[in-house]
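Chemist: Got a predicted model here, sequence first, then my questions.
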There are 2 protein chains.
Amino acid sequence: MDITQAERDAVYKVILSRRDVRGEFRPDPVPDEVLMRVLAAAHHAPSVGFMQPWDFIVVKNAKTKQSIRRAFEVAHAEAADMFDEDRREQYQSFKLEGIVESPVGICVTCDRSRHGPVVIGRTAIPEMDLFSSVCAVQNLWLAARAENLGLGWVSIIHNEALRDLLEIPEHIVPIAYLCMGYVSFFHEKPELEKAGWLAREELKSLIHHEHWTSGD
Amino acid sequence: MDITQAERDAVYKVILSRRDVRGEFRPDPVPDEVLMRVLAAAHHAPSVGFMQPWDFIVVKNAKTKQSIRRAFEVAHAEAADMFDEDRREQYQSFKLEGIVESPVGICVTCDRSRHGPVVIGRTAIPEMDLFSSVCAVQNLWLAARAENLGLGWVSIIHNEALRDLLEIPEHIVPIAYLCMGYVSFFHEKPELEKAGWLAREELKSLIHHEHWTSGD
């Protein structure tokens, strides 16, 4: 099945305009058929040995979201203490989640025991199943952007808190808690780039030929 | 920037027709500008704290590829021993890599020390930087498919072997060794599904509402 130039350009447009959304969520509900399309995109991610280790917990309940935000606040306060004083204030000024404002939360997980202990392609690199669930997250993120939905990954939270609040069994690993919803606008650039926290690396400096080369 | 319905459909077409390619690589070279486009797509993946922890080692040298294939063969033989006898023969019958046949190899890595020890969003979940490099892999994979390029992830290889052969420093983590090139065709379904190794999971059985639910 050939991809045309217009289709190719659409993929690049979505990849380049995808953002980690925190502050621009609108409360409008996400229709079920749209939710199912982005979850189907996630489900068609590559997975090691065709293991499909992912599950998706869809969270719409306001009380659950409040509890998840409290768990974020705990981890966020701990994190602030780790920064040097000169950066702490700026760190604390960033909005880093949209848990309560976004209409839909999605927790993507990894069932490492699915289909038994030996999985094709996970024998030398045991993290491959976790990486498969991350590929599902990225598919979901791009599908959401293609639906003009914003999405943000909340990583400032302890997996134990997610486990407790979402009743996730011990043998299942939480991989990502995602906030999703329509947005008032998409930022043109990543917010941390705009704020001068870190600059965009020059791509050429990240490419090595034939083997690793240090500096230039 | 709004995404139109045609653009959305293009993204879904690419997501659904992406395959893990092993056996269909053609030797035709990948033009430099195409290679740069897919690497730019990878570079625009989400990264924790805008850390951009990835590097890309581009491998075209035939001797290096031969060495990498030998490293695959070592890990592949070890893996075969892990399967029960009744599945071992089928495992050994699968073609699981296209290292030598594909014109371009790309090793995607993660520099966990980039921008210092404290990274926004990596404080509670230390694996977030590794996951960022995996998001770069998935962006690269979809961009490749959008360019009608096949791509395969070779995970049956020890990271120490990649480190040795590609001169990757100790503090850099190899995340993925990818084979890329034009193909004679794309399989309609994942090869392991077609071979009856594992079936496609039913999406609905992977979706939970509000909290984890076991069985039905």
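Modeler: Yes, it's here.
Chemist: how about the lowest-mean-pLDDT helix or strand in chain A, does it reach chain B?
Modeler: Across the helices and strands of chain A, mean pLDDT, DSSP states H and E gives its lowest value to helix A:85-93, namely a mean of 95. Yes. Helix A:85-93 is in contact with chain B by C-beta under 8 Å from any C-beta of the partner chain, via A:Tyr91. Heads up, the C-betas are built off the backbone N, CA and C, glycines and all.
Chemist: ok, and what's touching that helix?
Modeler: With C-beta atoms under 8 Å, 6 or more residues apart in numbering or on different chains as the test, helix A:85-93 has contacts from A:79-81, A:83, A:195, A:197, B:120.
Chemist: For the helix or strand that contains A:Ala176, name the packing helices and strands.
Modeler: According to DSSP states H and E, A:Ala176 maps onto strand A:172-182. If you count contacts as 3 or more C-beta pairs under 8 Å, 6 or more residues apart in numbering or on different chains; DSSP states H and E, strand A:172-182 packs onto strand A:104-111, helix A:128-146, strand A:149-154, helix A:159-166.
Chemist: Can you tell me the centre-most residue of chain A?
Modeler: Chain A has A:Trp153 as the residue nearest its centroid, 3.9 Å off, counting by C-alpha atoms, centre = their mean.
Chemist: and that one, how far is that from A:Ile99?
Modeler: Using C-beta to C-beta, to the nearest Å, A:Trp153 is found at 11 Å from A:Ile99.
Chemist: overlap in contacts of these two?
Modeler: Common contacts of A:Trp153 and A:Ile99 (C-beta under 8 Å, 6+ apart): A:Tyr177.
Chemist: I'd say A:Asn139 and A:Ala42 touch.
Modeler: Yes. With contact defined as C-beta atoms under 8 Å, A:Asn139 reaches A:Ala42; the gap is 5.0 Å.
Chemist: So among the contacts of helix A:85-93, which ones count as buried?
Modeler: For the contacts of helix A:85-93, a neighbour count by 16 or more other C-beta atoms under 10 Å in any protein chain shown gives the buried set as A:79, A:83, A:197, B:120.
Chemist: between the residues you listed, which is closest to B:Cys179?
Modeler: The shortest approach to B:Cys179 among these belongs to B:Ile120, at 33.8 Å (C-beta to C-beta).
Chemist: Report pLDDT for that closest one.
Modeler: pLDDT, B:Ile120: 96.
Chemist: same question, A:Gly215
Modeler: A:Gly215 is given a pLDDT of 62.
Chemist: re earlier: between the helices and strands packed on strand A:172-182, which one is closest to chain B.
Modeler: When the helices and strands packed on strand A:172-182 are compared by C-beta to the nearest C-beta, helix A:128-146 sits nearest chain B, at 3.9 Å.
Chemist: Output the closest one as CSV - backbone C-alpha positions only.
Modeler: Output in CSV follows, covering the C-alpha atoms of helix A:128-146 (Å, rounded to 0.1, in the frame of the first residue of the first chain):
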residue,chain,number,x,y,z
MET,A,128,11.5,-4.6,25.3
ASP,A,129,7.9,-5.1,26.6
LEU,A,130,8.0,-1.8,28.5
PHE,A,131,9.2,-0.2,25.3
SER,A,132,6.3,-1.7,23.3
SER,A,133,3.9,0.0,25.6
VAL,A,134,5.8,3.3,25.1
CYS,A,135,5.3,2.9,21.3
ALA,A,136,1.6,2.5,22.0
VAL,A,137,1.7,5.8,23.9
GLN,A,138,3.4,7.6,21.0
ASN,A,139,0.9,6.1,18.5
LEU,A,140,-1.9,7.3,20.7
TRP,A,141,-0.3,10.8,21.0
LEU,A,142,0.0,11.2,17.3
ALA,A,143,-3.5,9.9,16.6
ALA,A,144,-4.8,12.4,19.2
ARG,A,145,-3.0,15.2,17.4
ALA,A,146,-4.5,14.1,14.1
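Chemist: Could you check the angle it makes with strand B:172-182?
Modeler: Relative orientation of helix A:128-146 versus strand B:172-182 (axes from the mean of the first three to the mean of the last three C-alpha atoms, to 10 degrees): 60 degrees.
Chemist: same for helix A:128-146, what does it pack against?
Modeler: helix A:5-17, helix A:32-43, strand A:104-111, strand A:149-154, strand A:172-182, helix B:5-17, helix B:128-146.
Chemist: Output those as a markdown table; include the columns mean pLDDT.
Modeler: Below are the helices and strands packed on helix A:128-146 laid out as a markdown table (pLDDT from 0 to 100):
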| stretch | mean pLDDT |
| --- | --- |
| helix A:5-17 | 98 |
| helix A:32-43 | 98 |
| strand A:104-111 | 98 |
| strand A:149-154 | 98 |
| strand A:172-182 | 98 |
| helix B:5-17 | 98 |
| helix B:128-146 | 98 |
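Chemist: quick one: which of those is nearest A:Ser67?
Modeler: That would be strand A:104-111 among the helices and strands packed on helix A:128-146, by C-beta to C-beta, at 11.0 Å.
Chemist: Can you list the strands that the closest one pairs with?
Modeler: Using DSSP bridges, strand A:104-111 pairs in its sheet with strand A:56-59 (antiparallel), strand A:172-182 (antiparallel).
Chemist: The helix or strand immediately after the first one in the chain: how far from the chain's middle?
Modeler: Toward the C-terminal end, the helix or strand that comes next after strand A:56-59 (DSSP H and E) is helix A:62-80. Taking the mean of its C-alpha atoms, helix A:62-80 sits 17 Å from the chain's own mean (C-alpha atoms, centre = their mean, to the nearest Å).
Chemist: can you list the residues that contact helix A:62-80?
Modeler: With C-beta under 8 Å, 6+ apart as the test, helix A:62-80 has contacts from A:59, A:88, A:91-92, A:96-97, A:99-100, A:105, A:154, A:156-158, A:161-162, A:165-166, A:177, B:120, B:123-124, B:210-211.
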